[in-house]
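> What follows is a predicted structure for the sequence shown.
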Amino acid sequence: MLKRLLPLVILVLGIASFMALRYTRPEPAPVEAQERRWPVEALSVSPGEHAPLLALFGEVVAPDMVTFVAPIQARVAQRPVSDGQRVAQGELLIALDEDDLSSPLRQAEAELADLQAQLENERIRHENNRQVLAQERNLLASANRQLERNRSLEGRNLTSQTDVDAARDSVARAQLTVSARESTIAEYPSRLASLEARLARAQVQKDDAQRDLERGRVHAPFAGSVTRVHVAEGDDVAPRAALLSLYPLDGLELRARIPQRYHTELEAHLLSGVPLEATATNGIQRFVLERLAGESDPTGTEAIFSVQGLAHGLRPGAMMAVQLRRPGVGNAFVVPYSALHGADLLYRINHDNRLERQHVERLGEVTQHDGERWLLVRAETLKEGDRIMSTHLPNAVQGLPVEITHTSTGPGDTQ
């Protein structure tokens, strides 16, 4: 009987022990709910005057580049220069075969001499016609007198009708000869004008041939660099065929298209006479904005920059990325791009370490000493010393609690 009751006794004792421990345990401390705070970095703003930068991509051009062409069909006799070679003013660039060049000149001179001879012969012929006309008129008068005598004799039956007819024929022949001579003399001014016009045309052809002969030897009109060489010694070139080009070393320009929204700002600054500088992203070349192109299109206006200093490494056709230093703006401050949420939204951190939404005006970019590009903005609601969140937080909303892990006072400075 005792063996049967022992398990039951053990079970009762266990339940009693559990209940005793449960009622005698210590009370746990109450748990208080804590609001989560997001770790972020902050930037203390300091509004001031800054010069925003405008990133541009342009092409190096040589507006004063000269392209030399062949005046006539000829063979290239000399080409002492090569592509990329620098030459001095007056240096020989290319020479065409002199025989090919002088042949048209000799033909033009022969044509001119022939027309001059024809013109002189026409003058002599005209003078002879005038003298002969006087004699032919005398013969006509004599023939008329003979006709009158024959008619008088015929009335007295002293001559025959045959003699009268013969005299009349002589008068007609003399009259025809005089008329032909007078017509020839009357046509003299028009023949003279025609010969003089042909002579003038021949003189022009001779001048052209002389000029082509001179152009057959091309000398550098200025110191520069040779480019676009199209021919070699021995080549036969057609008339007006390009031979080579030359551009001045100090005449290079950079042309870059600027967005239309900056046109008014830059044009007004150009009128003030204060130069605006641009620097290549490689930090070597420097440019100055000279003017804006006379035409625009929907994509913008072309800005024309001159090269400052020596144009080391610049060649026409090269594409360059530059940063144009725009006119300075006041009451602005710089922030990293990570601080921007959306197109124009920043978050200020208030004294309770909660976020406050702030709309800003984007003014451009600035480049820091380490080469990093920051955004230049302006906000009337932000003042000196305000903290903004520089960490890009995808879930940032108005009133979100944050925990500042690091605060910087400006680009490159931390505290």
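All right, it came through fine.
> which residues touch stretch 172-188?
122, 126, 129, 130, 132, 133, 136, 137, 139, 140, 143 (Cβ atoms under 8 Å, 6 or more residues apart in numbering). Every C-beta, even on glycine, is put in place using the N, C-alpha and C of the backbone.
> Number of residues surrounding the residue lying closest to the fourth one once chain neighbours are set aside?
In space, residue 130 comes closest to residue 185 once its chain neighbours are excluded; the distance is 6.3 Å by Cβ to Cβ, 6 or more residues apart in numbering. Burial of residue 185 is recorded as 15 neighbouring residues (other Cβ atoms under 10 Å).
> Just to be sure, residue 185 is in a helix?
Yes: Residue 185: assigned to a helix according to DSSP: H, G, I helix; E, B strand; the rest coil.
> Hmm, residue 330 is touching residue 52, no?
No: with contact defined as Cβ atoms under 8 Å, residue 330 does not reach residue 52; the gap is 11.7 Å.
> out of those two, which sits in the busier spot?
Using other Cβ under 10 Å, the more surrounded residue of residue 330 and residue 52 is residue 52, with 21 against 9.
> who's in contact with the more buried one?
Contacts for residue 52 (Cβ under 8 Å, 6+ apart) come out as 326, 329, 363, 364, 365, 366, 376.
> Mind checking which of those residues land in strands?
329, 363, 364, 365, 366, 376 (DSSP state E).
> The first one pairs with what?
Same thing as residue 329. residue 50 (DSSP bridges).
> State the distance from it to residue 177.
Look at residue 329 and residue 177: by Cβ to Cβ, to the nearest Å, they are 101 Å apart.
> And for the last one?
Using Cβ to Cβ, residue 376 is found at 104 Å from residue 177.
> These two: which has the busier surroundings?
Shown here are residue 376 and residue 177; by other Cβ under 10 Å, residue 376 has more neighbours (21 against 16).
> show me the contacts for that one.
50, 52, 329, 332, 333, 334, 362, 363, 364, 365, 366.
> Mind putting the residues you listed into CSV with pLDDT and distance to residue 62?
Putting those into CSV (pLDDT from 0 to 100; distance: Cβ to Cβ, whole Å) gives the following:
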residue, pLDDT, distance to residue 62
50, 85, 35
52, 88, 31
329, 85, 35
332, 89, 38
333, 89, 42
334, 89, 38
362, 87, 36
363, 86, 35
364, 83, 31
365, 85, 30
366, 86, 32
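> Please pick the buried ones from the residues you listed.
Restricting the contacts of residue 376 to buried positions leaves 50, 52, 329, 332, 333, 334, 363, 364, 365, 366, with burial counted as 16 or more other Cβ atoms under 10 Å.
> Just put those residues in TSV and tack on distance to residue 208.
Shown next, in TSV, are the buried ones among the contacts of residue 376 (distance: Cβ to Cβ, whole Å):
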residue	distance to residue 208
50	63
52	58
329	61
332	65
333	70
334	66
363	61
364	58
365	58
366	61
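> which of those lies closest to residue 262?
Closest approach to residue 262 among the buried ones among the contacts of residue 376 (Cβ to Cβ): residue 364, at 9.3 Å.
> Grab the nearest non-local neighbour of that closest one.
Using Cβ to Cβ, 6+ apart, the nearest residue to residue 364 is residue 52, at 2.6 Å.
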